[in-house]
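Participant: Requesting a structural model of the entry that follows:
(one chain, ligands or ions: 1)
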Amino acid sequence: MIITIDGPAAAGKGTISSALSQKYKLAYFDTGMVYRAVGLQMVLDGKDIKNEEQATEIAEKLTFPQMISLSKHPDFRSGIGSNAASVVSAHPKVRAALLNMQKDFANKPIFADGTPAAGVVYDGRDTGTVICPQADLKLFITASTEVRAKRRYDEYIAKGMDASYENVLQDMIARDERDSNRSTAPLKPADDAVIIDTTDLSIPQVLEKVVALVEKIC
Ligand code: DC
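Facilitator: Below you'll find the model as predicted:
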């Protein structure tokens, strides 16, 4: 079974993806990690994230172990890492370099410990439109910008990170704009995606809806 979950930042994709992957014993591929890894590596190397050629060079060499190692860096999920990921993900050559590693995972999904899985939950922006258009179920999870910014702000505060709601909101607006308007694979629902707006829903309410959809295809 292949499920794709796309949508803007902090809409609830990660929570839903990991809950579904656990419940249905599926591998989980958080595709934002590949762009975060390339973006953070650029920052750590002191390179300009707007430089498409240099970012492509890093993307072409990216491996899963390198991505896992970078994911432990404190800036992997900070504002710096999020901004860098969004900027490098708008480079068409970077996306092209990272395409096969994401697509191929559907043919041979594995859990984090390397054991084979019967399917995968993809989490990202273009997983239903580009990475896995053959998915059994495609979801597009969204929520108002203000609610998503508040969720992200609360996450930062809970992790003890320094943050201001206003800055998080402005970053979110800029990131949505870049992710939705880039020339290659812009953020948008697949034609056959089910759209779920989580603005006024609790996590259990969203999960109930999503599980009902999965049960229909099991
Ligand atoms: O899901 P995330 O916040 O970790 O994603 C970080 C950035 O990566 C996001 O701003 C856009 C990019 N991204 C993408 O372009 N395509 C994907 N499938 C996943 C993420």
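
Participant: So which bits of the lengthiest helix in the chain are buried?
Facilitator: Taking DSSP state H as the criterion, the chain has its longest helix at helix 165-181. For helix 165-181, burial by neighbour count (16 or more other Cβ atoms under 10 Å) applies to V168, L169, D171, M172, R175, D176, R178, D179. In this view, the C-beta of every residue, glycine as well, is placed from N, C-alpha and C.

Participant: Toward the C-terminus from that helix, list the very next helix or strand.
Facilitator: Following helix 165-181 in sequence order, the next helix or strand is strand 194-197 (DSSP states H and E).

Participant: isn't K108 right up against P116?
Facilitator: Yes. Using Cβ atoms under 8 Å, K108 is in contact with P116, at 7.3 Å.

Participant: how about the CA coordinates for the longest helix of the chain, as PDB?
Facilitator: What follows is helix 165-181, C-alpha atoms only, in PDB (Å, rounded to 0.1, in the frame of the first residue of the first chain):
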ATOM      1  CA  TYR A 165       5.300  34.100  16.600                       C
ATOM      2  CA  GLU A 166       5.600  37.100  14.200                       C
ATOM      3  CA  ASN A 167       8.900  35.800  12.700                       C
ATOM      4  CA  VAL A 168       7.500  32.300  12.400                       C
ATOM      5  CA  LEU A 169       4.400  33.600  10.700                       C
ATOM      6  CA  GLN A 170       6.500  35.700   8.200                       C
ATOM      7  CA  ASP A 171       8.800  32.800   7.500                       C
ATOM      8  CA  MET A 172       5.800  30.600   6.900                       C
ATOM      9  CA  ILE A 173       4.200  33.100   4.400                       C
ATOM     10  CA  ALA A 174       7.500  33.400   2.500                       C
ATOM     11  CA  ARG A 175       8.000  29.600   2.400                       C
ATOM     12  CA  ASP A 176       4.400  28.900   1.300                       C
ATOM     13  CA  GLU A 177       4.900  31.500  -1.500                       C
ATOM     14  CA  ARG A 178       8.200  29.900  -2.700                       C
ATOM     15  CA  ASP A 179       6.900  26.300  -2.400                       C
ATOM     16  CA  SER A 180       3.700  27.100  -4.300                       C
ATOM     17  CA  ASN A 181       5.100  29.300  -7.100                       C
END
